[in-house]
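> pasting the sequence and the predicted model now:
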Amino acid sequence: QVQLVESGGGLVEAGDSLRLSCAASGRTLSSYSMGWFRQAPGKEREFVAAISWSGGSTYYADSVKGRFTISRDNAKNTVYLQMNSLKPEDTAVYYCAADRGYGGANIKNYDYWGQGTQVTVSS
């Protein structure tokens, strides 16, 4: 079993940048596909970005494509989400998740979840 802990959230202004981190313990992350999801108040949790176990393939929601970048450092057991040009509509709790299989955009694929980190973007 793998435990995930997100960090790096905060309150920023529109146009600013943030980098979220997801640190894993219990198992090496190199065995897992990883994803970032977010949930805004009153809305369902939605896909943001995903990365294959090797880092060779990445996937993004259309709403963040070109602004967000997912990456991983398997040696550090950490996955990152670089968020640039933030918009107020990016405000949400951001979760990282791990999947022993394909991962991708389907939330049901993911087996392990972190507790989330709040990102608030003011206009």
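Everything's here; your move.
> which helix or which strand is home to the spatially most central residue of the chain?
Centroid check for the chain by CA atoms, centre = their mean gives residue 36 as the closest residue, at 2.4 Å. Counting by DSSP states H and E, the element that carries residue 36 is strand 33-39.
> how far off centre is stretch 84-102?
4 Å (CA atoms, centre = their mean, to the nearest Å).
> please apply the same query to stretch 37-47.
On the basis of CA atoms, centre = their mean, stretch 37-47 is displaced by 12 Å from the centre of the chain it belongs to.
> likewise for stretch 9-20?
Averaging C-alpha positions (CA atoms, centre = their mean) puts stretch 9-20 14 Å from its chain's average.
> okay, the residue nearest to the centre of the chain: pLDDT?
Confidence at residue 36, expressed as pLDDT, is 98.
> and the gap between it and residue 59?
Relative to residue 59, residue 36 is positioned 10 Å away (CB to CB, to the nearest Å). Where you see a C-beta, it was placed from the backbone N, CA and C, and this is true even at glycine.
> mutual contacts of these two, please.
49-50 (CB atoms under 8 Å, 6 or more residues apart in numbering).
> which other helices and strands does the strand holding residue 36 contact?
The contact analysis (3 or more CB pairs under 8 Å, 6 or more residues apart in numbering; DSSP states H and E) places strand 33-39 against strand 18-25, strand 46-51, strand 68-73, strand 78-83, strand 92-99.
> ok, now with 7 Å
Using 3 or more CB pairs under 7 Å, 6 or more residues apart in numbering; DSSP states H and E, the elements in contact with strand 33-39 are strand 46-51, strand 92-99.
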